[in-house]
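> sequence and predicted structure are below.
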Amino acid sequence: MREAGGFAARAFDTIASTKFWRGMVACVVFLVLWEIASRSGISRIPAPSAVAVTFNELMRDPSYWFSWYLSTQRVFTGFLAAMLLGIPLGLGMAVSRMFYGTVFPVFEVLRPIPPLAWVPASIIFWPTQEMSIAFVTFLGAFYAVVINVIGGAQAIDVRYFQAARSMGSSSWDIFRRIILPGTLPSIVVGATVGIGIAWAVVVAAEMISGGGSAGSMGGAMGGGLGFFIWNSYVGGSYTQIVVGMISIGIAGYISSALLRKLGEMVTPWLREP
Amino acid sequence: MKPAPVPSGERPFAEAKPPPLAPQAHRKGEIRIADVVKIYGSGTSGVRAVDNCTFDVPAGKITVVVGPSGCGKTTLLNAIAGFHSITSGTIHLDGALLCGPGRLKADPGPDRIVVFQNGALFPWKTIIENVAFGPMMQGRLNKKEAFEKARGMLAEAGLRDLESNYPGEISSGMRRRVEIARALMNDPKVLLLDEPYRALDSLTKSVMHEALLETFDRNQVTIFFITHDLEEAIFLGHRVVIMTTRPCRPKKILTVDIPHPRDYSVLTAKRFREYLDETIAAVHEEALKAFAAGERER
């Protein structure tokens, strides 16, 4: 009753809607204008047609895919670490006033420091470049996760606690059955925001640090998508720069979509009926 | 007594009339409120919300407390439920001290269940999980037993088809009924209802009233009901306690001598109008005072 209509029906609904076509037309117009701008010499950015040719060539290039792999791995390492540490820390701060009073000031002092400012310190501190990039990525996601968890847990309506207490719940029951599910929607929001930041940070970190394990495969092409862009810039292949940019856009989109789906699965009560 | 709206068949437990929630002899729920004072804050800046409040809530009856908004009715309810402390005085439940000198805040417990103004069904639990929550928490029933009892309870309230929905998917009127079912699952001595139907339109409200009276007739649980809707108060209550404006204390206690079970034909009865007039006169005086006090504060 809740899960009405299959995937095909929903896909058809999307394609049949004016909203979908309006979006499509806007994208096409954008591409056409870009093509005209490049060909007429107004813009020095390569035309979409040239980018498409390069994209097609790169699709068969394993080192391009290895850049994907490296960046994805760094993003998910950092992101998972941020979730594993950030969720308990945020919940702890929301549950215990003493813990909050102790940890939050430190957290608030560190939080305004942009993750990228940590790059040099992180390279000095961590034994491998790989670890330093993952650490910076972790920081990017960590703050978003923690802040959302604290906010979400503190926003749980006091009536739920009172009702649970009246019905004989122990403190552990209240944590497990009220605080945890009550915070879940905010955890999902924190994760979605966090992974977006993680992608932004990983690209910049790869550019600054020189791509970590560059050279391990396909020479200079193996340092992640950020390094891929930087290297293309240095090497003067402008079409590849654009391919790299689009790749990151796609990667970010897929990660967010994945998390949204996952989020919907763990919070079924928020699904539109 | 009206029959419960249970469609016959389909499930065996729906056919059999659910057993009474608790042996009637054990279900009392008499509350004695004596000299209760509640001051928020302290010193000269303290606000006296409840002042020397003394009245009884008789067992197995519906007691409705009416008074101007913000007069401290909810403060009293929170003290009985054990959510907030009192400053002085005593509150007893069936002779046992809930709160008083030495223990100003009662412990919340399943013998006193609150149905909140805006509802407090857990949004992340399905209807059946919500209703089965109490007995499972108290360790009185395992999951299977609790679900079975919850199904019976929902069927009794005509809500059986909703069991796998989430609270966000059903109407607010339905949510109130589910919440009362959830409360009754705890075999409470007293149901504490804090303006539960405030946000509902008047048509839904009348349906809710009849459902509540039906529930009451079936279970004879003591009900402590807060409202500022006077018709609602007289229609539901055996006894109506009219409160003064802040600080709150009983101004007038009315015994509504209209026999239960009541239905909506009562509303047009001459006696009902007389009770209403009497209540309106008392409340209006307090409302004027509250209004004047509000004006002064500006």
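Structure received. Residues are numbered from 1 along each chain as shown, chains lettered A, B, ... in the order given.
> and stretch A:148-161, what's its mean pLDDT?
Averaging pLDDT along stretch A:148-161 yields 94.
> in it, what's buried?
Using 16 or more other Cβ atoms under 10 Å in any protein chain shown as the test for burial, stretch A:148-161 gives A:148-150, A:152-153, A:156, A:159-161. Where C-beta positions appear, they are placed from N, C-alpha and C, glycine not excepted.
> which of those residues come close to chain B?
Restricting those to those adjacent to chain B (criterion: Cβ under 8 Å from any Cβ of the partner chain) gives A:159-160.
> can you name the two of the buried residues of stretch A:148-161 that are farthest apart?
Pairwise distances across the buried residues of stretch A:148-161 (Cβ to Cβ) peak at 22.2 Å, for the pair A:Asn148 and A:Arg159.
> tell me, how many residues neighbour A:Gly252?
A:Gly252: 17 surrounding residues under other Cβ atoms under 10 Å in any protein chain shown.
> quick check on it: phi, psi?
With angles defined as degrees, to the nearest 10, A:Gly252 sits at phi -60, psi -40.
> OK, contacts around it?
The contact partners of A:Gly252, taken as Cβ atoms under 8 Å, 6 or more residues apart in numbering or on different chains, are A:195-196, A:199.
> dump those to a markdown table, plus pLDDT and distance to chain B.
Shown next, in a markdown table, are the contacts of A:Gly252 (pLDDT from 0 to 100; distance: Cβ to the nearest Cβ, whole Å):
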| residue | pLDDT | distance to chain B |
| --- | --- | --- |
| A:Ile195 | 93 | 23 |
| A:Gly196 | 92 | 25 |
| A:Trp199 | 93 | 30 |
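> which among these end up buried?
Buried among these by 16+ other Cβ under 10 Å: A:195-196, A:199.
> nearest to A:Ile42 among the buried residues of stretch A:148-161?
Closest to A:Ile42, out of all of these and judged by Cβ to Cβ, is A:Asn148, at 42.8 Å.
> what secondary structure does that closest one sit in?
A:Asn148 falls in the helix class when you classify it by DSSP: H, G, I helix; E, B strand; the rest coil.
> filter the contacts of A:Gly252 down to the ones in strands?
Within the contacts of A:Gly252, no residue falls in strands by DSSP state E.
> the residues you listed in helices, which ones?
In this view, the contacts of A:Gly252 that belong to helices under DSSP state H are A:195-196, A:199.
> name the nearest of the buried residues of stretch A:148-161 relative to chain B.
Ranked by distance to chain B (Cβ to the nearest Cβ), the buried residues of stretch A:148-161 are led by A:Arg159 at 3.9 Å.
> tell me, what's the model's pLDDT at the closest residue to that closest one other than its chain neighbours?
In this structure, A:Arg159 finds its nearest non-sequential neighbour in B:Ala120, 3.9 Å apart by Cβ to Cβ, 6 or more residues apart in numbering or on different chains. We have a pLDDT of 92 for B:Ala120.
> check which element follows the helix ranked longest in chain A along the chain.
Ordering each helix of chain A by length in residues (DSSP H) puts helix A:62-95 first. Downstream of helix A:62-95, the next assigned helix or strand under DSSP states H and E is helix A:97-110.
> how about that next one: buried residues?
Neighbour-count burial for helix A:97-110 flags A:100, A:103, A:107 (criterion: 16+ other Cβ under 10 Å).
> run the chain-centre distance for that helix.
Distance of helix A:97-110 from the chain centroid (Cα atoms, centre = their mean, to the nearest Å) equals 25 Å.
> can you tell me which residue is nearest the centre of chain A?
Against the mean C-alpha coordinate of chain A, by Cα atoms, centre = their mean, the closest residue is A:Ile195 at 2.1 Å.
> isn't that one right next to A:Arg74, touching?
No. Counting by Cβ atoms under 8 Å, A:Arg74 is not a contact partner of A:Ile195; they are 12.0 Å apart.
> who touches the closest residue to A:Val266 other than its chain neighbours in this structure?
Using Cβ to Cβ, 6+ apart and skipping residues adjacent in sequence, the residue nearest A:Val266 is A:Leu184, 6.1 Å away. For A:Leu184, the contacting residues are A:152, A:266-267, B:124, by Cβ under 8 Å, 6+ apart.
> report the buried members of the residues you listed.
Neighbour-count burial (16+ other Cβ under 10 Å) applied to the contacts of A:Leu184 gives A:152, A:267, B:124.
> may I see those organised as a markdown table, with distance to B:Pro110 and secondary structure added?
Shown next, in a markdown table, are the buried ones among the contacts of A:Leu184 (distance: Cβ to Cβ, whole Å; DSSP: H, G, I helix; E, B strand; the rest coil):
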| residue | distance to B:Pro110 | secondary structure |
| --- | --- | --- |
| A:Gly152 | 28 | helix |
| A:Thr267 | 29 | coil |
| B:Trp124 | 21 | coil |
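> may I have the phi/psi pair for B:Glu30?
In terms of degrees, to the nearest 10, the main-chain angles of B:Glu30 are phi -80, psi 130.
> also B:Arg140?
In terms of degrees, to the nearest 10, the main-chain angles of B:Arg140 are phi -80, psi -30.
> centroid-nearest residue for chain B?
The residue lying closest to the centre of chain B (Cα atoms, centre = their mean) is B:Leu193, at 2.2 Å.
> what about the helices in chain B?
Using DSSP H, the helices assigned to chain B run over residues B:12-15, B:73-81, B:127-137, B:143-156, B:172-184, B:202-219, B:230-236, B:270-297.
> so what's the residue nearest to A:Val266 scoring on pLDDT?
pLDDT for A:Leu184: 95.
> distance check, it against A:Pro268.
10 Å (Cβ to Cβ, to the nearest Å).
> repeat for B:Gly41
Distance, B:Gly41 to A:Pro268, by Cβ to Cβ: 43 Å.
> tell me which residues touch B:His260, please.
B:His260 makes contact with B:213, B:216-217, B:238, according to Cβ under 8 Å, 6+ apart.
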